[in-house]
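Participant: Quick one, what's the 3D model for this:
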Amino acid sequence: MTTDRLPLPSALPEWQRSGRFFLIAAALHVAALAYPLQLALGKLDLPQPETIVVRLTDAVSPKPMEPPKSQTAEPRPTAPQVRERAPQPNRPILAMAPRENSPTPTHTVAPQISAPTAPESAPTLAPAPVHAPAATATVTAARFNAAYLNNPEPKYPPLSRRLGEEGKVLLKVRVTADGQPSAVDLEKTSSFERLDDAARQAVARWRFVPAKRGDEAIEATVIVPIVFRLDS
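Facilitator: Numbers count the residues shown, from 1 in each chain. Below is the predicted model:
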């Protein structure tokens with residue numbers, strides 16, 4: 001039987017006998033021992049890094065602004081009202097064509113005077129604007145139909161009578177404080193110039209009862225109606 005002998009150090013190859021070989025072998029042993037230790041350390045529970053949580057909070061809302069207080073305008077003092085006493089309505093003047101004595105031509109009917117008909121609606125009065133006094137006073141409109149005035153009726157124009165012209169004229173008369181007509185204007189025409197002129201000429205010579213504020217006579221305006229009508 002033969003026994004294999006281990007080689008003696010002197011019998012090892014040169015590369016195994018060098019110091020570099022021993023360093024490499026030592027490093028391999030250290031690595032083999034460190035690997036299990038690394039696995040054991042990996043199983044240990046290490047503390048986790050702390051997580052920072054950022055939360056969004058609602059912004060502080062500004063207080064609502066109060067609406068500006070509305071300034072109420074102080075009520076203005078009102079002037080005392082002037083109460084107008086309803087005057088007696090002025091009856092319209094009716095101008096009738098007079099009867100003619102001359103013989104009438106064939107197939108022509110002469111105009112005749114008829115009895116006065118019922119008066120039309122009372123004329124509207126337009127008093128002049130006056131400044132309201134400190135105390136309330138009653139205003140009376142001007143009048144033209146008082147019996148003591150003796151105002152003549154307008155004359156019916158002969159040509160208008162022959163042509164059969166009829167109509168109603170409205171005159172706006174400015175009456176002074178002493179009852180005189182200072183202005184006579186045509187408010188509404190009768191559609192015939194001759195009738196309008198006859199009414200205006202007659203009223204310009206009339207006398208009036210002036211308007212009054214309390215006991216004081218004042219200047220004012222009054223509407224005078226004149227009716228021209230033929231008797232058929």
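Participant: helices and strands of the protein: which one bottoms out on pLDDT?
Facilitator: helix 19-43 (a mean of 64; mean pLDDT, DSSP states H and E).
Participant: partner strands of the helix or strand that it is followed by, parallel or antiparallel?
Facilitator: Next in sequence after helix 19-43, counting helices and strands by DSSP states H and E, comes strand 93-96. Strands that pair with strand 93-96, judged by DSSP bridges, come out as strand 220-229 (parallel).
Participant: what mean pLDDT would you report for the strand it pairs with?
Facilitator: Averaged across strand 220-229, the pLDDT comes to 95.
Participant: same question, stretch 171-187
Facilitator: Per-residue scores along stretch 171-187 average to 96.
Participant: name the element residue 169 belongs to?
Facilitator: Going by DSSP H and E, residue 169 is in strand 167-175.
Participant: between that strand and strand 220-229, how big is the angle?
Facilitator: On the basis of axes from the mean of the first three to the mean of the last three C-alpha atoms, to 10 degrees, strand 167-175 is oriented at 160 degrees to strand 220-229.
Participant: Just the C-alpha atoms of strand 167-175, please, in CSV.
Facilitator: Extracted in CSV, the C-alpha atoms of strand 167-175 (Å, rounded to 0.1, in the frame of the first residue of the first chain):
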residue,chain,number,x,y,z
GLY,A,167,-120.4,127.0,-36.0
LYS,A,168,-119.0,127.4,-32.5
VAL,A,169,-116.1,129.7,-31.6
LEU,A,170,-114.0,129.4,-28.4
LEU,A,171,-112.2,132.5,-27.3
LYS,A,172,-109.5,132.7,-24.6
VAL,A,173,-109.8,136.1,-22.9
ARG,A,174,-107.2,137.6,-20.6
VAL,A,175,-109.2,139.6,-18.0
